[in-house]
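okay, predicted coordinates and the sequence, questions at the end:
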Amino acid sequence: MKKILSVTFIIALVLSVFPMTASAAGAPELEAQSAILCAVSDDGMYDLVLYEKNADQKMYPASLTKIMTAIVALENQRDLDAEFVAYAKSLEVLGKGVYYLMPGEKMAFRDYLNLMLVPSYNEAANVIAYNIGGSLEGFVEMMNDKAQDLGCTGTHFVNAHGLHDEDHYTTARDMLIISRYAMENEIFAQIVAQTGITLPVTNKHKTESFLPTTNDLLRKSQGVYMEKAIGTKTGYTSAAGNCLAAAYKDAELGMTYYSVVLGCPDSTAEKSKLSFIDTKALFKHGTTDFSVQPVLKATQPIVEVPVTLSPDGTSVVLLPEKSVEDFLPTTFNYELDVHIRAEGEPLPEGFDPTGKVILTYSVAAELEAPIEKGQAVGTLKMEFDGREICTMNLLSSLTLTKSEVLDTVDTFQTFVQSKAFKFIVIGIAALILILIIVIIITSARRRRRRKYGRGRYSR
């Protein structure tokens, strides 16, 4: 019968660690109503959500909307030098919300992108939408189609700039999907990494104009600067609060971190920085409270299984196919935070799997020799906080040969226990019983013949 190995062979289970969510060790207390943080390794090994707070709650995106506007624009207009016109129809709907552009102003597509994404001008978003979509409504339809294509489930746009509308909303999780996708576009990534832009002389502006980015993570003078920040976009309306989708690349760790914070309060000049402060706290959390750690060693015994028909032993210890590392909280303790169980076996009553690596093995109740060392005889699934890390083979730790004598005895015992043997025994017993009955009947007839025969022919 299978059994979990004794304490000298298994990982002890004593303490708990916090999960890789908002309650993870060292997780910051954010002012944002909704937030999410993920980490992606440069080698593609890891792509994990490290923190979330109300990540699926309906929120207003404000100018984070312009990330999607840029995606749709860049995928439908490849020529960055194409001339776009600030048609009056695209500006008049903003009323006094137009701060730079003038009706009929002509600039290259790239300049409108810069104006929209860096200093975050709403009129630039409308001009782009009108020039590419043919109408503002047509372009917004393209935005919603793209959101659906990306797998967003809680997002709906009604404009290209993000000014408040009750029917214009998103979630932190959806905005993370959108901003990550946008950062894969080299042109977008280059634009949002700028600390400011210089707009050219146009038919409406006789001098160049320099406008700084609204993303204070990129500006050393703003008090929330982060050297490794690489974008992406800010947002604010009174209804949405301060919002920020950001990216941070740590080349030494080989990781890129993406965050979204939505609904940061804004009632004072100091609070206007809360989206940046929250984002810095998230990036610090990701870079200091998580690391790549061993979660399984190839020498770790998992389970001891009975073996039949071998003169070399009556059981074998199964080992993992390989060692495994994973991106886990730094509080994770390999010696304390791993639990081994059989498939279908419930966790112990009162056991909290939060922060634990759960190893679930599947193997036959007993194995039959011969078995070669390194032979795959079972499987092992690894999970952390409900996330499957991997599934691998369980290997025999030694070679067990097969005894021909034991095999013969086992074959005989198996035959004796089989239905065929039972049928044969029953058949033989039935034949014997029939034979006995026949003998009894025959003997009785003979006795009668002898008895009555002597009386009939006697003199």
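That came through, no problem. Numbers count the residues shown, from 1 in each chain.

and the nearest residue to residue 83 once chain neighbours are set aside, how far is that from residue 244?
Sequence neighbours aside, residue 106 is the residue nearest to residue 83 in space, at 5.5 Å (criterion: C-beta to C-beta, 6 or more residues apart in numbering). Bear in mind the C-beta positions are built from the backbone N, C-alpha and C, glycine included. According to C-beta to C-beta, to the nearest Å, residue 106 and residue 244 sit 32 Å apart.

which residue ranges of the stretch 301-450 of the chain form strands?
Taking DSSP state E, counting those that start in this stretch as the criterion, the stretch 301-450 of the chain carries its strands at 303-308, 315-320, 324-329, 338-342, 357-363, 367-368, 376-384, 387-396.

let me have these in CSV, extended by distance to residue 37 and mean pLDDT.
Converted to CSV, these look like this (distance: least, C-beta to C-beta, whole Å; pLDDT from 0 to 100):
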stretch, distance to residue 37, mean pLDDT
strand 303-308, 37, 95
strand 315-320, 31, 96
strand 324-329, 13, 94
strand 338-342, 25, 95
strand 357-363, 21, 96
strand 367-368, 45, 92
strand 376-384, 17, 96
strand 387-396, 15, 96
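
out of the ones you listed, which gets nearest to residue 121?
Among the strands of the stretch 301-450 of the chain, the nearest to residue 121 by C-beta to C-beta is strand 324-329 (38.7 Å).

of all the strands of the stretch 301-450 of the chain, which lies closest to residue 52?
Residue 52 lies closest to strand 387-396 among these, at 13.0 Å (C-beta to C-beta).

more neighbours, residue 106 and residue 244?
residue 244 (31 against 12; other C-beta atoms under 10 Å).

now the more buried one, what's its secondary structure?
Reducing the assignment to helix, strand or coil with DSSP: H, G, I helix; E, B strand; the rest coil, the entry for residue 244 is strand.

thought it was touching residue 235?
Yes - look at residue 244 against residue 235 with C-beta atoms under 8 Å: they come within range, at 7.1 Å.

which neighbours do those two have in common?
residue 64 (C-beta atoms under 8 Å, 6 or more residues apart in numbering).

ok so, going back, save the strands of the stretch 301-450 of the chain as a markdown table, and put in mean neighbour count and distance to residue 209 too.
Below are these laid out as a markdown table (neighbours: other C-beta atoms under 10 Å; distance: least, C-beta to C-beta, whole Å):
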| stretch | mean neighbour count | distance to residue 209 |
| --- | --- | --- |
| strand 303-308 | 20 | 70 |
| strand 315-320 | 20 | 62 |
| strand 324-329 | 20 | 44 |
| strand 338-342 | 18 | 60 |
| strand 357-363 | 19 | 56 |
| strand 367-368 | 18 | 77 |
| strand 376-384 | 19 | 51 |
| strand 387-396 | 17 | 49 |
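
so for residue 50, which of those strands sits nearest?
Here strand 324-329 is closest among the strands of the stretch 301-450 of the chain (C-beta to C-beta), at 8.3 Å.

and that closest one, what does it pack against?
Here strand 324-329 is seen to pack against strand 290-296, strand 376-384, strand 387-396 when contacts are counted using 3 or more C-beta pairs under 8 Å, 6 or more residues apart in numbering; DSSP states H and E.

ok, which of those strands comes nearest residue 216?
strand 290-296 (25.2 Å).

extract the CA atoms of the closest one and return them as PDB.
The C-alpha atoms that make up strand 290-296 are tabulated as PDB, following Å, rounded to 0.1, in the frame of the first residue of the first chain:
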ATOM      1  CA  PHE A 290       9.700  37.800  -5.300                       C
ATOM      2  CA  SER A 291      12.500  35.800  -6.800                       C
ATOM      3  CA  VAL A 292      13.300  32.600  -8.700                       C
ATOM      4  CA  GLN A 293      13.700  29.800  -6.100                       C
ATOM      5  CA  PRO A 294      14.000  26.000  -6.100                       C
ATOM      6  CA  VAL A 295      10.600  24.400  -5.400                       C
ATOM      7  CA  LEU A 296      11.600  20.800  -6.200                       C
END
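
so residue 187 makes contact with residue 80?
Yes - the pair residue 187 / residue 80 is scored as a contact, 7.0 Å apart, by C-beta under 8 Å.

joint contacts of the two?
residue 113.

name the residues of stretch 146-161 that are buried.
Applying a neighbour-count criterion of 16 or more other C-beta atoms under 10 Å, one finds 146, 147, 150, 152, 154, 155, 156, 157, 158, 159, 160, 161 buried in stretch 146-161.

which SS class is the second one?
What that stands for is residue 147. Secondary structure, three-state DSSP: residue 147 is helix.

tell me the spacing between it and residue 72.
10 Å.

cool, and residue 157?
Taking C-beta to C-beta as the measure, residue 157 and residue 72 are separated by 10 Å.

need the overlap of contacts for these two.
Counting by C-beta under 8 Å, 6+ apart, the residues touching both residue 157 and residue 72 are residue 143.

ok, of the buried residues of stretch 146-161, which one's closest to residue 299?
Looking across the buried residues of stretch 146-161 and measuring by C-beta to C-beta, the closest to residue 299 is residue 150, at 43.2 Å.

contacting residues around the closest residue to that closest one other than its chain neighbours?
Computed as C-beta to C-beta, 6+ apart, the closest residue to residue 150 that is not its neighbour in sequence is residue 177, at 5.4 Å. If you count contacts by C-beta under 8 Å, 6+ apart, residue 177 has them with 150, 151, 152.
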